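# what would the 3D arrangement of this be:
(one chain, ligands or ions: 1)
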Amino acid sequence: MMGPSHALSGAAVWLAGSWGLNFFADYEQSPLAIAVGTAVCAGGALFPDLDMSGKVTKNQGGATVARTFGVVSLFFAEVMEKISLGVYHATKLSKDPHRNNGHRTLTHTLPFTFLVGWGTTALCTAYGKWAVIGILFFMIGLALRGLFDEWAKRAGWVIVTLVSAAAAYFTFLHLPGDRGYPMLGLAVGVGCFVHIMGDIITSNGVPILWPVPIKRRMWMMIGIPNKIAVKVGGKVETIVLRGAFTVVSILSALGLAAPSVLRRFNIEI
Ligand SMILES: [Zn+2]
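Just a heads-up that it's a prediction; the model follows:
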């Protein structure tokens, strides 16, 4: 799937999950916590594609998401792609094909998802304030780039960077540490997982089973059959799926806001 669809799917899953927790388990979150979780999950749902590097020296190429913070994120993507390719070669078995590019390998696996989620919480717990601001800044930037792609393209990376920095600082000032820090890790992890699920329904698939070897392959690409797979950038993705993610997001947000609105007007339910 393309960037905006990934970001929207992350936002939809987080909002629907928050509504579910609220409705079925009475787990209430402040509006800010919900907004932050949604933004971070949307950003996390773009994170795995930061393994698509371009030509840093020429400031070209790379996934849209790799351009969020200009050449800096393009460079980051380059490093991530090379590390992924390194891990691919180090762990490949005899039947795994040769690769020149690390896209859709390491960052599209379950151990990576788990590591990123756990690492986020660990960083926030160990380094507090500065780690939280840094992670929020990074994830909000990715989310802006994904959710408001047309705006982000027009505004350019400098504006996106400034808006992310301001949003990260504001959030940090108001987000309590107790629940907030583990929540950031969960939101990033869920986002990465939603990304992998989004890629699994497209024709190329993802190496979801890594590192479990099957038939002398460690990097078996698992996806749904080509006949019914979603075409990247096709109508099913841009109209049907994005429409569904948007509807789920809006309904969940309304469901989350409804009780407090009713309470304000003293309406009993
Ligand atoms: Zn991907």
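# for I140, give its distance to A35.
Noted for I140: a distance of 10 Å to A35, by Cβ to Cβ, to the nearest Å. Any C-beta I mention is one placed from the backbone N, CA and C, and that applies to glycine too.
# contacting residues for R99?
Residues near R99 by Cβ atoms under 8 Å, 6 or more residues apart in numbering: L85, Y88, H89, T105.
# who wins on neighbours among those?
Per-residue neighbour counts (other Cβ atoms under 10 Å) across those peak at T105, which has 26 neighbours.
# and stretch 147-164, average pLDDT?
Regarding stretch 147-164, the rounded mean pLDDT is 90.
# could you give the number of residues near the residue in the stretch 51-200 of the chain that the ion sits nearest to?
With distances taken as Cβ to the ion, the stretch 51-200 of the chain approaches the ion most closely at D199, which sits 4.4 Å away. For D199, the number of neighbouring residues by other Cβ under 10 Å comes to 22.
# now the common contact residues for I140 and A35.
By Cβ under 8 Å, 6+ apart, I140 and A35 have no common neighbours.
# show me which of those two is the more surrounded one.
It is I140, of I140 and A35, that has more neighbours when counted by other Cβ under 10 Å, with 24 against 15.
# element containing that one, please.
Using DSSP states H and E, I140 sits in helix 129-147.
# which parts of that helix are buried?
For helix 129-147, the neighbour count (16 or more other Cβ atoms under 10 Å) marks 131-133, 135-147 as buried.
# one more: stretch 94-107?
Within stretch 94-107, the residues that count as buried by 16+ other Cβ under 10 Å are D96, G102, H103, R104, T105, L106, T107.
# so what touches stretch 16-29?
Stretch 16-29 is contacted by residues I34, G37, T38, V190, V248, S249, S252, G255, L256, P259 when judged by Cβ under 8 Å, 6+ apart.
# just the CA atoms of stretch 251-269, as PDB, please.
Written as PDB, here are the backbone C-alpha positions of stretch 251-269 (Å, rounded to 0.1, in the frame of the first residue of the first chain):
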ATOM      1  CA  LEU A 251     -17.200   6.600  13.800                       C
ATOM      2  CA  SER A 252     -14.700   5.600  16.500                       C
ATOM      3  CA  ALA A 253     -13.900   9.300  17.200                       C
ATOM      4  CA  LEU A 254     -17.600  10.100  17.400                       C
ATOM      5  CA  GLY A 255     -18.100   7.100  19.700                       C
ATOM      6  CA  LEU A 256     -15.300   8.200  22.000                       C
ATOM      7  CA  ALA A 257     -16.500  11.800  22.100                       C
ATOM      8  CA  ALA A 258     -20.200  11.000  22.600                       C
ATOM      9  CA  PRO A 259     -20.300  10.100  26.300                       C
ATOM     10  CA  SER A 260     -18.600  13.300  27.400                       C
ATOM     11  CA  VAL A 261     -20.700  15.500  25.100                       C
ATOM     12  CA  LEU A 262     -23.900  13.800  26.500                       C
ATOM     13  CA  ARG A 263     -22.600  14.300  30.100                       C
ATOM     14  CA  ARG A 264     -22.000  18.000  29.400                       C
ATOM     15  CA  PHE A 265     -25.600  18.400  28.500                       C
ATOM     16  CA  ASN A 266     -26.700  16.300  31.500                       C
ATOM     17  CA  ILE A 267     -28.200  13.500  29.300                       C
ATOM     18  CA  GLU A 268     -28.300  10.100  31.000                       C
ATOM     19  CA  ILE A 269     -27.600   7.000  28.900                       C
END
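# I appreciate the help and will end here.
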